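1. Need a 3D model of the sequence below.
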Amino acid sequence: MSIKRRAGEATTVHERDLEKAVGRVPQWRDSGFRYAALVGGLTNQNWIVEVDGEPRRYFIKVPGEGSEMFIDRVVANEAARNAHAMELAPEVVFFDPQDGLEVSEFLEGYRACTNADFGDPSIQSDVLSLYRRLHSGPSLGLTKTIFDMIEEHIRQGRDLGSHFPPDMPWIEHRYRQAKAAFMASGLDLVPCFNDPMPGNFLISQDPVADPKPMRLIDYEFASNNERSYELGVLFAEMFYDEQLTLSLIEQYCGTVRPAMVARVIVNRALADIKWASWAVVNRKLKEWDFDYQKYGVWKYMRARSLMYDPRWDGWLRMV
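-> Presented below is the predicted three-dimensional model:
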């Protein structure tokens, strides 16, 4: 990563925002620094910064406009600090609860995963091991279940006048069936990450010469949530088939119980409803450099594929 600008050389609004952000970190006041933008963020401006006299490089996240509709920054910071204490995440060196500005160490020698990486059985095992450790950690200050998330996004979308698919009443009917089944059986609440984008998982750049443990970054959507949702949304995002799903459930749980299988599969559909509805809201907020419309249409389509499955009612009974 080449550092492109020095302090005082900002030419864009985002660069000026970054320079102001660095100036808010108490230990860096009056220090010189260089910086460059990082690509890949959908809701924030992300930067890598070198501060004169500091041995480490730093990652700075400047919260994006409108992101407060979805993200509790204080809880995200709590989750990131808990994860660092468990040696799962980088160290947070500065946080401003007023607007969520966060500065953390930049993890050298790592690269972000891709979807292709998640086809590697060793990486699959590392992810499940990481999740087991994360789920055994201290509870967070926010309990926000997949049901809370879906209902929040649908309400936000309707308040904004967003466009939902014509069959949204049917999708919501299936959603209510799933919620009723989980409420009847009870929720298994654990601290969850909730956002398994491949780029949030960091692995060694040279696993042979310099192997490093997997690390997890970006805890913006973290909350106490249903354990099986964490697996369901992961398996959905990575396009795992049913055979691999069973194998990974066994790795995580130590056994394959029909109830857990049903909970994970139903949560795959719920995950797609959640993220499709999130996309509907973001599409209405402002113009982004991302096709939220296409993303949302696809997510609803994939949720339907499970909710139309003739096994749906059977899965709900097993939950």
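
2. CA atoms for contacts and neighbours, from now on please.
-> Will do.

3. how far away is the residue nearest to Trp28 when sequence neighbours are not counted from Arg6?
-> Take Trp28 and drop its neighbours on the chain: the residue closest to it by CA to CA, 6 or more residues apart in numbering is Val22, 7.1 Å away. Distance, Val22 to Arg6, using CA to CA, to the nearest Å: 12 Å.

4. Which one's more surrounded, the two?
-> Set side by side, Val22 and Arg6 show more neighbours around Val22, with 23 against 16, by other CA atoms under 10 Å.

5. ok, the more buried one touching Gly32?
-> No: counting by CA atoms under 8 Å, Gly32 is not a contact partner of Val22; they are 9.8 Å apart.

6. helix or strand for the spatially most central residue of the chain, which one?
-> For the chain, the residue whose C-alpha lies nearest the mean C-alpha position (CA atoms, centre = their mean) is Asp195; its distance is 2.1 Å. Taking DSSP states H and E as the criterion, Asp195 maps to no regular element, lying outside all helices and strands.

7. ok, it - contacts?
-> With CA atoms under 8 Å, 6 or more residues apart in numbering as the criterion, the residues that contact Asp195 are Tyr219, Phe221, Ala222, Val233.

8. what ranges do the helices span in the chain?
-> Across the chain, reading from the start of the chain, the helices by DSSP state H fall at 13-23, 73-85, 121-135, 146-160, 168-185, 227-237, 242-253, 258-285, 292-307, 312-318.

9. where does the stretch 1-150 of the chain have low pLDDT?
-> In the predicted model, the stretch 1-150 of the chain carries pLDDT under 70 at residues 1-3, 40-43, 64-67.

10. what about the strands in it?
-> With DSSP state E, counting those that start in this stretch applied, the stretch 1-150 of the chain shows strands at 5-6, 33-38, 44-51, 57-63, 92-96, 101-105, 110-112, listed in chain order.

11. Can I get these in JSON lines including distance to Arg317?
-> Putting those into JSON lines (distance: least, CA to CA, whole Å) gives the following:
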{"stretch": "strand 5-6", "distance to Arg317": "59"}
{"stretch": "strand 33-38", "distance to Arg317": "46"}
{"stretch": "strand 44-51", "distance to Arg317": "41"}
{"stretch": "strand 57-63", "distance to Arg317": "42"}
{"stretch": "strand 92-96", "distance to Arg317": "44"}
{"stretch": "strand 101-105", "distance to Arg317": "44"}
{"stretch": "strand 110-112", "distance to Arg317": "39"}
